[in-house]
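Chemist: Predicted model and sequence below, questions to follow.
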Amino acid sequence: MNERFSGTIVHNEERMKINGKTKITGIFGYPIEHTLSPAMHNAAFQVLGLDYCYVPFLVHPDFLGQAVQSVRALNLAGVNVTVPHKEKIIPLLDHMNEEALFIGAVNTVVNNEGRLTGYNTDGRGFMESLAEKGISSEGKDILIIGAGGSARAVGYYLCQKANSLFIQGRTREKAKRFVQDLCRIKNNSYHIEDLSDLGRFQIIINATPLGLREEDPLPINTGALREGQIVYDLSYKETMLQKEASKLQCIVLNGLGMLLWQGALAFELWTGRKPDREIMRRALNEALSEPQGIFT
Ligand code: NDP
């Protein structure tokens, strides 16, 4: 079973109206032209009749400081942050919420009268995407491949309910540090190198970029998977891992759900309103059906 959003694509004929009071949000990234976020946020603003708009900002790494200062100078309501700025932006902000501090990466900035707070909605977005599929992490044995920003975001939440959480990472020291940090939340996380016994995990998460390029190797030996295991690949592009795991009757989830929910949570932080997630989902689907890329 592979997970792809379904639903009718809705073409909203009404044009977005920009006026003197329109609040600006957007996304800082480099590159940025492949982002799917403007489509889902603008659709959600429009359907709620909120006077906001969301635009892409191509921010070269050399200009990140000026770009952050411009959030204050231009009175933007807030921004999302994507590759390669998620970590580098931290010292440029005034305040960090607890979860973003643990993760060490920011994907959402809120501007409150010039005071900028960094959040990370990826982990909560991931958990919401599991919940909407009726999947709970409670009491499960879980494996995360990767020890970067997204692994830390999902690990922060998963360790709190899982029976055990195992981390495998390319850079051993980084993976071990991640485990130590997780154990400060709950003492049920372990570092693992040998992935021959995948059958012991009920949930397996790929939090590496492996699979985004055709020539990438598989992050795990899919031959060791068993029917009914949950394989969650954070990439929302269809990967070989997703295809192979589907063939083996695993329950396969891709990163689209997480992308949607992290966006919905950012939307709430900026506007104080809950967006219509089905509208966001459809807009995401529509944007995805166009030639697009791999960035949030
Ligand atoms: P990071 O760069 O922060 O971390 C990547 C991790 O993958 C690191 O642990 C890194 O190893 C490891 N890695 C990178 N390349 C390889 C490789 N060739 N072989 C083995 N391990 C490798 O990236 P993110 O955590 O931000 O992103 C990871 C994936 O998650 C991406 O595909 C991204 O698109 C996706 N993502 C999806 C989101 C969504 O909403 N669906 C949100 C955020 C991310 P090392 O420890 O050595 O650095």
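Modeler: Thanks, I have it. Residues are numbered from 1 along each chain as shown.

Chemist: Counting neighbours, what do you get for whatever residue of the stretch 101-250 of the chain ends up closest to the ligand?
Modeler: Using C-beta to the nearest ligand atom, G148 is the residue of the stretch 101-250 of the chain that sits closest to the ligand, at 1.8 Å. To be clear about C-beta, it is placed using only N, CA and C from the backbone, and glycine gets the same treatment. One way to gauge burial is a neighbour count; for G148, by other C-beta atoms under 10 Å, it gives 20.

Chemist: ok, the closest residue to it other than its chain neighbours - contacts?
Modeler: The shortest distance from G148 to any residue other than its chain neighbours is 6.7 Å, reached at A207 (C-beta to C-beta, 6 or more residues apart in numbering). Contacts were defined as C-beta atoms under 8 Å, 6 or more residues apart in numbering; by that measure A207 touches I144, I145, G146, A147, G148, S150, A151, V154, L234.

Chemist: switch to 10 Å and redo it
Modeler: Listed by C-beta atoms under 10 Å, 6 or more residues apart in numbering, the contact set of A207 reads 122, 126, 144-155, 167-169, 219, 232-235, 255.

Chemist: Please apply the same query to Q262.
Modeler: In this structure, Q262 makes contact with 37, 80, 107-108, 119-126, 128-129, 150, 153, 255, 296, judged by C-beta under 10 Å, 6+ apart.

Chemist: For R72, give its distance to L234.
Modeler: Applying C-beta to C-beta, to the nearest Å, one obtains 32 Å for the distance of R72 from L234.

Chemist: Neighbour count for those two, which is higher?
Modeler: Neighbours per residue (other C-beta under 10 Å) separate R72 from L234, with L234 holding more: 26 against 14.

Chemist: Phi, psi for the more buried one please.
Modeler: Main-chain torsions, L234, degrees, to the nearest 10: phi -70, psi -10.

Chemist: quick check: mean pLDDT across the host helix or strand of N42?
Modeler: N42 is part of helix 37-48 when elements are defined by DSSP states H and E. Mean pLDDT, helix 37-48: 97.

Chemist: Send me the next helix or strand after it as PDB with only the CA atoms.
Modeler: Next in sequence after helix 37-48, counting helices and strands by DSSP H and E, comes strand 52-58. Written as PDB, here are the backbone C-alpha positions of strand 52-58 (Å, rounded to 0.1, in the frame of the first residue of the first chain):
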ATOM      1  CA  TYR A  52      -2.300  37.200   4.400                       C
ATOM      2  CA  CYS A  53      -0.100  36.100   1.600                       C
ATOM      3  CA  TYR A  54       2.800  33.700   1.400                       C
ATOM      4  CA  VAL A  55       5.800  34.200  -0.900                       C
ATOM      5  CA  PRO A  56       9.100  32.400  -1.600                       C
ATOM      6  CA  PHE A  57      12.300  34.200  -0.700                       C
ATOM      7  CA  LEU A  58      15.600  33.100  -2.300                       C
END
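
Chemist: residues in the stretch 51-200 of the chain within reach of the ligand, list them.
Modeler: With the criterion set to C-beta under 6 Å from any ligand atom, the stretch 51-200 of the chain comes near the ligand through D122, G146, A147, G148, G149, S150, A151, G169, R170, T171, K174.

Chemist: Buried among those? Make that a PyMOL selection.
Modeler: This is the PyMOL syntax for the buried subset of those, where burial follows 16 or more other C-beta atoms under 10 Å:
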select buried, resi 122+146+147+148+149+150+151+169
